[in-house]
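J.: starting from these lines, generate the structure:
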Amino acid sequence: MGSPLSGQPAYAGLSFWHASAGDDWTPRPPLPGDVDVDVAIVGAGYTGLWTAYYLAEADPSLSIAVLESEVAGFGASGRNGGWCSALFPAELPALTRLGTRESALAQHAAMRATIDEVARVAAAESIDAHVAKGGMIRLARGPAQLARARAEVEEARHWGRDAGDLDLLDAAQAREIVRAAGVSGAAYTPDCAAIHPARLVRGLARAVERRGVTIHERTRVTGIAPGTAHTDRGTVRAATVVRATEGFTPQLPGHRRTSIPVYSLVLATEPLPASTWDEIGLARRETFSDFRHLIVYGQRTADDRIVFGGRGAPYHAGSRIDPAFDRDEAVFARILASLVDLFPVLRGARVEHAWGGPLGVPRDWCASVGLDRSTGLAWAGGYVGDGVATTNLAGRTLRDLVLERDTELTRLPWVNHRSPRWEPEPLRWLGVNATRLAFTAADREESLTRRPSLIARAVAPLVS
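T.: Sure thing, here's the model as predicted:
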């Protein structure tokens, strides 16, 4: 979805990924007026496009229209950190509460399999998304972080997840993968691939068009109702209307409190010489993070840059979204400082791109996918930044729901889950920003005391 840019849209300037996608960003024709289709999909990001792809593949007779206020890949699908991982925002205990232990584990298994499914489709559709399945290493830097790493792996064993799913590494084993400063251990999973997100989403858009799907860009949806998507260009009537708007969901009437837009900001360095990579590692393009409370994430790109991002930008009252919020120089400075702290060899390296954008966060931090058969309204979202793979699972699940198939996917616990609504303002603004500041303080506390933060323990129930 998105918010219109003023004047001539400079989509290639939105991020490093947009600039290096090697694509023509000229918008596709908008909706020409009122139309009737079988399925209308609102949003041409990963969720909307994967849904269109699998529906068109399963039933080529379906007429499908995708409505996008900017261009395909404008939002988080084109701007994210490039992790296609098995991470799901709700952990196994939360999923068990929605179903059973077995269904929660089935959801985890489905997420693991999804990484290979994304790579399979990219290869089948000749999408050069720079896929490299090197896994993900989460570093423990200091005693407090090491305690969390051990606890995470112990919890995985409790659920029957073995070392081939998640393994605990000592400091020497971690350094064999990545040589960051101050590392005392790590957790490693093979279930992550580094990708070029904009290349994937743009290639996916072309793939759905080859299957007869029509994408109407520069077409703003102003409201969704049973059987109808209202736009600024006309009305689309459809038996099924899919909301696939993620971080931009609060802009739809009636959805101001469905989720909130939380900004994540990202940097990309210049291409780094081989001598620098000799000191850093990441030979298989492993993605990397650590066990701090305020999330950071990074990858080595196919052209030997580091893309590194993190949370920490403020939430804006009223769930406001504005292109000006994509940049926050103070947050960029903190992200760069964190990167240099991890890899001192990068001191002085040039940052060539800096960008940001909103993520969709539901009140209970649990993504969901569903279809209300009484209204024909379907949805998927609330990925909390873990959407690259989860959107693919959502697309396949929506395919089965729309086609009324009873499958293993439609029986997963996130299906038809309804997250509670966010609190009204100003409580929402106060709570979200207080939590952000508390996690910042918790990381600072742990760097000084070397012990797990009491602040983080007190705040943890607010984000689960």
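J.: list the buried residues of stretch 401-420.
T.: Using 16 or more other Cβ atoms under 10 Å as the test for burial, stretch 401-420 gives Leu401, Val402, Leu409, Thr410, Leu412, Pro413, Trp414, Val415, His417, Ser419. For the C-beta atoms, the positions are set from N, CA and C on the backbone; glycine is no exception.
J.: ugh, typo on my part, it should be stretch 422-437
T.: Neighbour-count burial for stretch 422-437 [16+ other Cβ under 10 Å]: Trp422, Arg428, Trp429, Val432, Thr435, Arg436.
J.: contacts only, for Ala378.
T.: For Ala378, the contact set (Cβ atoms under 8 Å, 6 or more residues apart in numbering) comprises Thr240, Val241, Val242, Arg243, Gly370, Leu371, Asp372, Leu398, Leu401, Val402.
J.: can you show me the helices along the stretch 51-200 of the chain?
T.: 76-79, 92-98, 101-124, 143-158, 171-177, 197-210 (DSSP state H, counting those that start in this stretch).
J.: which of the ones you listed sits closest to Thr51?
T.: Comparing these against Thr51 with Cβ to Cβ, the closest turns out to be helix 197-210 (9.3 Å).
J.: for this structure, give me the ranges with low pLDDT.
T.: Low-confidence segments of the chain, defined by pLDDT under 70: 1-9, 453-454, 456, 459, 461-464.
J.: how close does the residue nearest to Leu377 when sequence neighbours are not counted get to Thr51?
T.: The shortest distance from Leu377 to any non-neighbouring residue, by Cβ to Cβ, 6 or more residues apart in numbering, is to Val241 (5.6 Å). According to Cβ to Cβ, to the nearest Å, Val241 and Thr51 sit 12 Å apart.
J.: now swap in Leu267 and tell me
T.: Distance from Leu267 to Thr51, by Cβ to Cβ: 31 Å.
J.: so these two - more neighbours on which side?
T.: Counted by other Cβ atoms under 10 Å, Leu267 and Thr51 do not tie: Thr51 has more neighbours, with 33 against 23.
J.: hmm, the more buried one is touching Arg399, no?
T.: Yes - using Cβ atoms under 8 Å, Thr51 makes contact with Arg399 at a distance of 6.8 Å.
J.: so this structure: which segments form each domain?
T.: For the chain, automatic domain parsing gives the domain ranges 11-81+197-260+364-411, 427-464.
J.: point out the most buried one among these.
T.: Ranked by mean neighbour count, the domains of the chain are led by domain 11-81+197-260+364-411 with a mean of 22 (mean count of other Cβ atoms under 10 Å).
J.: can I take it that Ala354 is in a helix?
T.: No - Ala354 is assigned strand when assessed by DSSP: H, G, I helix; E, B strand; the rest coil, not a helix.
J.: identify the residues contacting it.
T.: Neighbours of Ala354 in contact, by Cβ under 8 Å, 6+ apart: Leu265, Val266, Leu267, Ala268, Arg327, Phe332.
J.: separate out the buried members of the residues you listed.
T.: Neighbour counting with 16+ other Cβ under 10 Å marks Leu265, Val266, Leu267, Ala268, Phe332 as buried within the contacts of Ala354.
J.: which secondary structure state is assigned to the third one?
T.: Put plainly, it is Leu267. Applying three-state DSSP: Leu267 is strand.
J.: please tell me how far it sits from Pro250.
T.: The gap separating Leu267 from Pro250 is 27 Å, by Cβ to Cβ.
J.: what are the bridge partners for the closest residue to Glu209 other than its chain neighbours, then?
T.: Setting aside the residues directly before and after it, Glu209 is nearest to Ile215 in space (Cβ to Cβ, 6+ apart), at 6.4 Å. When bridges are called by DSSP bridges, Ile215 pairs up with Val66.
J.: now the helices for the stretch 301-450 of the chain?
T.: All helices of the stretch 301-450 of the chain, identified by DSSP H, counting those that start in this stretch, fall at 329-342, 387-402, 427-449.
J.: with distance to Ser85 as extra columns, can I get those helices in CSV?
T.: Putting these into CSV (distance: least, Cβ to Cβ, whole Å) gives the following:
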stretch, distance to Ser85
helix 329-342, 19
helix 387-402, 6
helix 427-449, 21
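J.: which SS class is the residue nearest to Leu377?
T.: Classified using three-state DSSP, Val241 is strand.
J.: can you offset everything so residue one is 58?
T.: With the count now opening at 58, the last piece we talked about shows up as Val298.
J.: for it, give me its contacts.
T.: So Val298 contacts 96-99, 281-286, 433-435 (Cβ under 8 Å, 6+ apart).
J.: spit out the contact partners of the nearest residue to Val489 once chain neighbours are set aside.
T.: Nearest non-adjacent residue to Val489, counting by Cβ to Cβ, 6+ apart: Tyr372, 4.2 Å away. Contact analysis of Tyr372 by Cβ under 8 Å, 6+ apart lists Ile317, Pro318, Val319, Tyr320, Arg485, Trp486, Val489, Asn490, Arg493.
J.: perfect, that will be all.
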